[in-house]
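K.L.:
sequence first, predicted model second:
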Amino acid sequence: MDVKHPKRKKDKQNPYTLSIENGKEYISFHDTEGTYRKIEVTHVLFSQFNDFELEDISYLNTVSRHYEFSELTEQAINERAFLPQEPIEDAVFRKLQYAQLYTAIQTLPDKQRERLILYYFRNYTYAQIAEMEGCTVMPVKRSIDKALAQLAKLMK
């Protein structure tokens, strides 16, 4: 049974493959005439080839990171670094909507408000809320649906 190392990123100039078969360590490659060769090597030599391969991978990763950034223009870097600014009118409108929604949620009956907050803001499921309250799923769903209908009326 041929056991290879995990698939590694390799330089296209790397002609060999490391493997372990029945506890023996091998280096395989194609020679200059294209003949496939598989040579058993000592553990020391195998380890040295393995270490070299790992260093080569580290170097390839470093190079690829630098190439990515060297091809970026100053404009592209700025676009990545800064999120587009929201127009002031949109920010004010959004904050007013949040304030209106917060006020509307406060007018809901306690049970509806608690269930709505658990479902939409704390990401609980209907089943989790029902289990916490010791009831079935349907009352929780109806309560949240009713709260949403009430909020829709208040937000218009």
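P.N.:
The structure has been received and is ready for your questions.

K.L.:
my guess is residue 27 meets residue 46, correct?
P.N.:
Yes: using C-beta atoms under 8 Å as the test, residue 27 is close enough to residue 46 to be in contact (7.2 Å). Placement of C-beta: from N, CA and C, glycine included.

K.L.:
and for the two, which residues touch both?
P.N.:
Residues touching both residue 27 and residue 46 by C-beta atoms under 8 Å, 6 or more residues apart in numbering: residue 18.

K.L.:
list of residues touching the host helix or strand of residue 91?
P.N.:
With secondary structure defined by DSSP states H and E, residue 91 is part of helix 88-106. Residues from elsewhere that reach helix 88-106, judged by C-beta under 8 Å, 6+ apart: 86, 113, 116, 117, 150, 151, 154, 155.

K.L.:
try 10 Å this time
P.N.:
By C-beta atoms under 10 Å, 6 or more residues apart in numbering, the surrounding residues in contact with helix 88-106 are 85-87, 112-113, 116-117, 120-121, 147, 150-155.

K.L.:
and for stretch 148-155?
P.N.:
97, 100-101, 103-105, 107-109, 112, 116, 119-120.

K.L.:
scan the chain for its longest helix.
P.N.:
If you go by DSSP state H, the chain has its longest helix at helix 43-70.

K.L.:
distance between that one and the chain's centre?
P.N.:
Mean-position distance between helix 43-70 and its chain equals 25 Å (C-alpha atoms, centre = their mean, to the nearest Å).

K.L.:
and the average pLDDT for it is what?
P.N.:
For helix 43-70, the mean per-residue pLDDT is 75.

K.L.:
so for that helix, what gets flagged as buried?
P.N.:
Judged by neighbour count (16 or more other C-beta atoms under 10 Å), helix 43-70 contains these buried residues: 46, 49, 53, 56.

K.L.:
what is the most widely separated pair among these?
P.N.:
46 and 56 (15.5 Å; C-beta to C-beta).

K.L.:
just the CA atoms of the helix holding residue 91, as PDB, please.
P.N.:
Presented in PDB, the C-alpha positions along helix 88-106 are these (Å, rounded to 0.1, in the frame of the first residue of the first chain):
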ATOM      1  CA  ILE A  88     -25.600  61.600   5.900                       C
ATOM      2  CA  GLU A  89     -29.200  61.600   4.900                       C
ATOM      3  CA  ASP A  90     -29.300  57.800   4.800                       C
ATOM      4  CA  ALA A  91     -27.600  57.500   8.200                       C
ATOM      5  CA  VAL A  92     -30.100  60.000   9.800                       C
ATOM      6  CA  PHE A  93     -33.100  58.200   8.200                       C
ATOM      7  CA  ARG A  94     -31.800  54.800   9.300                       C
ATOM      8  CA  LYS A  95     -31.300  56.000  12.900                       C
ATOM      9  CA  LEU A  96     -34.800  57.600  13.000                       C
ATOM     10  CA  GLN A  97     -36.300  54.200  11.800                       C
ATOM     11  CA  TYR A  98     -34.400  52.400  14.500                       C
ATOM     12  CA  ALA A  99     -35.700  54.800  17.100                       C
ATOM     13  CA  GLN A 100     -39.200  54.400  15.800                       C
ATOM     14  CA  LEU A 101     -38.900  50.600  15.800                       C
ATOM     15  CA  TYR A 102     -37.500  50.600  19.300                       C
ATOM     16  CA  THR A 103     -40.400  52.700  20.500                       C
ATOM     17  CA  ALA A 104     -42.900  50.500  18.700                       C
ATOM     18  CA  ILE A 105     -41.400  47.300  20.200                       C
ATOM     19  CA  GLN A 106     -41.800  48.900  23.700                       C
END
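
K.L.:
thank you, goodbye.
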